[in-house]
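Colleague: what follows is a predicted protein model with its sequence.
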Amino acid sequence: SAVISQKPSRDICQRGTSLTIQCQVDSQVTMMFWYRQQPGQSLTLIATANQGSEATYESGFVIDKFPISRPNLTFSTLTVSNMSPEDSSIYLCSVVMRAPNYGYTFGSGTRLTVV
Amino acid sequence: EDQVTQSPEALRLQEGESSSLNCSYTVSGLRGLFWYRQDPGKGPEFLFTLYSAGEEKEKERLKATLTKKESFLHITAPKPEDSATYLCAVRGMKTSYDKVIFGPGTSLSVIP
């Protein structure tokens, strides 16, 4: 299955600033998914990133706040813009794995704290 | 609307005390039910995919089963290293791409 490298692993940021999270996959994938996991909560899908097209955002998430880039089939970035303490969460990228089992592989996550 | 619930929210077991975690789902045409393990500060780790009622899968001390409305993750003779949050997720027919919905998770603690 695919191996995902995500960075940074953690960061502490000042409110009002932006942070860009990178996700690198060791194989070409069509779709990459970005999730948010708020403290003590489960995973919520932010958006789906397709190479060569605009990302598709879920209800409650907008491009101005969470711009996504997908320049090629192995890389994507998620930016958390104009941060507030409510953005403190773990952000995860994920890809579909099709062998040996159909499922999803996740990066190790970025733990963001906004102060 | 597709929904996933999990129970209990938290479970504390003595080492060797077997138990089960529940995942109840409502989905329009199940295209896959997934179990994950998540350790603190890490991304979810894939465990199983189940597709149809009656299907079972096993991995070491874990066994996942599926009915038309729920899935169980059975843990036999757990060890402290099995302590983690276990997440269930489903993919339904209405999704036009590989999107899944996650449940809230069950936090398992296994005490030596």
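Modeller: Arrived safely, thanks for sending.

Colleague: and the lowest-mean-pLDDT helix or strand in chain A, how far from the chain's centre?
Modeller: Lowest on mean pLDDT, DSSP states H and E among the helices and strands of chain A sits strand A:103-106, with a mean of 88. Chain-centre distance of strand A:103-106: 13 Å, with Cα atoms, centre = their mean, to the nearest Å.

Colleague: dump the helix or strand just after that strand to PDB, keeping only the CA atoms.
Modeller: Sequence-wise, the next helix or strand downstream of strand A:103-106 (DSSP states H and E) is strand A:110-114. What follows is strand A:110-114, C-alpha atoms only, in PDB (Å, rounded to 0.1, in the frame of the first residue of the first chain):
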ATOM      1  CA  THR A 110      -0.100  17.500  11.500                       C
ATOM      2  CA  ARG A 111      -0.900  18.600  15.000                       C
ATOM      3  CA  LEU A 112      -1.700  22.400  14.800                       C
ATOM      4  CA  THR A 113      -2.000  24.600  17.900                       C
ATOM      5  CA  VAL A 114      -3.100  28.200  17.300                       C
END
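
Colleague: what's around B:M93, how many residues?
Modeller: B:M93 sits with 11 neighbouring residues when counted by other Cβ atoms under 10 Å in any protein chain shown. The way it works is simple: take the backbone N, C-alpha and C, and place the C-beta from them, glycine included.

Colleague: thought it was touching B:S28?
Modeller: Yes: counting by Cβ atoms under 8 Å, B:M93 touches B:S28, with 5.3 Å between them.

Colleague: what residue in chain B comes nearest to chain A?
Modeller: As assessed by Cβ to the nearest Cβ, chain A sits closest to B:G43 within chain B, at 3.5 Å.

Colleague: pLDDT value on that residue, please?
Modeller: pLDDT recorded at B:G43 is 91.

Colleague: what's the local residue count around the nearest residue to it once chain neighbours are set aside?
Modeller: Spatial nearest neighbour of B:G43, chain neighbours left out: A:F106 (3.5 Å); criterion: Cβ to Cβ, 6 or more residues apart in numbering or on different chains. Neighbour count of A:F106, defined by other Cβ under 10 Å: 22.

Colleague: show me what A:F106 is bridged to.
Modeller: With DSSP bridges applied, A:F106 shows beta-bridge pairing to A:S94.

Colleague: residues touching A:K65, list them.
Modeller: A:80-82 (Cβ atoms under 8 Å, 6 or more residues apart in numbering or on different chains).

Colleague: how near is it to A:N82?
Modeller: Taking Cβ to Cβ, to the nearest Å as the measure, A:K65 falls 7 Å from A:N82.

Colleague: SS state for the spatially most central residue of chain A?
Modeller: Centre of chain A computed as the mean C-alpha position; nearest residue by Cα atoms, centre = their mean is A:W34, 3.3 Å away. Assigned with DSSP: H, G, I helix; E, B strand; the rest coil, A:W34 falls in the strand class.

Colleague: could you list every helix and strand in contact with the helix or strand of chain B with the lowest mean pLDDT?
Modeller: Between all helices and strands in chain B, the lowest mean by mean pLDDT, DSSP H and E belongs to strand B:101-102, at a mean of 91. The contact analysis (3 or more Cβ pairs under 8 Å, 6 or more residues apart in numbering or on different chains; DSSP states H and E) places strand B:101-102 against strand B:3-7, strand B:84-92.
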